[in-house]
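whatever this is, show me its structure:
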Amino acid sequence: MFIFGVCVGSFLNVCIYRLPKNEGLIKRNSHCMTCGEEIKHRDLIPIISWCILRGKCRSCGAKISARYTVVEALTGVLWLLTAIYFDAVSYPLFVVLCNLMISALVVVFFMDWDTQLINSWVVLFIAVMAIPRMIFCQYPQDIPISQHIIGIFAASVPLMIVTLVSHERAMGWGDVILMAAGGLFLGVKGILVALAIALVTGAIGGLIQKHFSGSSKFAFGPYLSLGILIALFFGTYLGDWYLEFTGINRMLEDAYQVL
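Numbers count the residues shown, from 1 in each chain. Below is the predicted model:
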């Protein structure tokens, strides 16, 4: 799973670089950003080639960013952790769908960080992965389809209101559709946990970025992606803990008994 993830991570680097420029993903082979020389197949081995070349182009010697290797290694680690955590042997389809969704989140994270743009096709991919996930994957403690449908609106509608009221200055439509797709995949409880995590980490990250750059403008997509990722693993437990801690669970139980 780690090797598969690393190979996918290599393709994600292509997506992160080319999608904002509207370049094709498969028509042109990988090439050096400095001299334009096509990279040979022996230099396209994820992680290993970068280490052998010591982070430099074989043709012109220009420096190759270490982030390409970071993306590959990060994707490989996430694929491996997902396979272990969700038991790939017992639930192979669920793990594959989760890993594909995570791969899309990696693209959203780095692409939005660089350009403050979220590609609609990448978000649509997450929504497409959510359909077989909620229909065919009966993971333990899974949630009904109705919870997935409600999840579309649970976090995206509040963000949509913020976007409309602020005329897209505080939030963008890419953030809205990302949370709608994430809500379809995670369900209502998971996406609300994801939103809470994104708000906390975004506030902290925004303050840090403002301290160094002096600008209040920053990409929120990376924090939403991080929130969705954490909620995928721990959303149910964090949601249940919060409801129990605040006493909302008991209030809901009382309300159900009255009804």
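
residue ranges in the stretch 151-259 of the chain under the pLDDT threshold?
247-249, 251-259 (pLDDT under 70).

one more time with 80
Across the stretch 151-259 of the chain, the ranges flagged by pLDDT under 80 are 170, 214-216, 240, 242-259.

ranges for the helices of it?
Listed in chain order, the helices of the stretch 151-259 of the chain (DSSP state H, counting those that start in this stretch) span 156-165, 173-186, 188-213, 221-246, 248-258.

and those, which is most packed in?
Mean neighbour counts were taken over the helices of the stretch 151-259 of the chain using mean count of other C-beta atoms under 10 Å, and the top value, a mean of 26, falls to helix 173-186. All C-beta spots, glycine's among them, are computed from the backbone N, C-alpha and C.

please list the outside residues in contact with the host helix or strand of Leu80.
Per DSSP states H and E: Leu80 is located in helix 67-85. Residues outside helix 67-85 that contact it (C-beta atoms under 8 Å, 6 or more residues apart in numbering) are 1-6, 8-10, 12-13, 16, 46-47, 50-51, 88, 95, 98-99, 102-103, 106, 110, 229, 233.

rewinding a little: quick one, which of the helices of the stretch 151-259 of the chain is nearest to Trp121?
Closest approach to Trp121 among those (C-beta to C-beta): helix 173-186, 10.9 Å.

list the contacts of Arg13.
Residue 13: Asn, not Arg. 68, 71-72 are the contacts of Asn13 under C-beta under 8 Å, 6+ apart.

and after the strand or helix carrying it, which helix or strand comes next?
Here Asn13 is covered by helix 2-18, with elements defined by DSSP H and E. Toward the C-terminal end, the helix or strand that comes next after helix 2-18 (DSSP H and E) is helix 48-52.

what is that following helix packed up against?
Contact partners of helix 48-52 among helices and strands, from 3 or more C-beta pairs under 8 Å, 6 or more residues apart in numbering; DSSP states H and E: helix 67-85.
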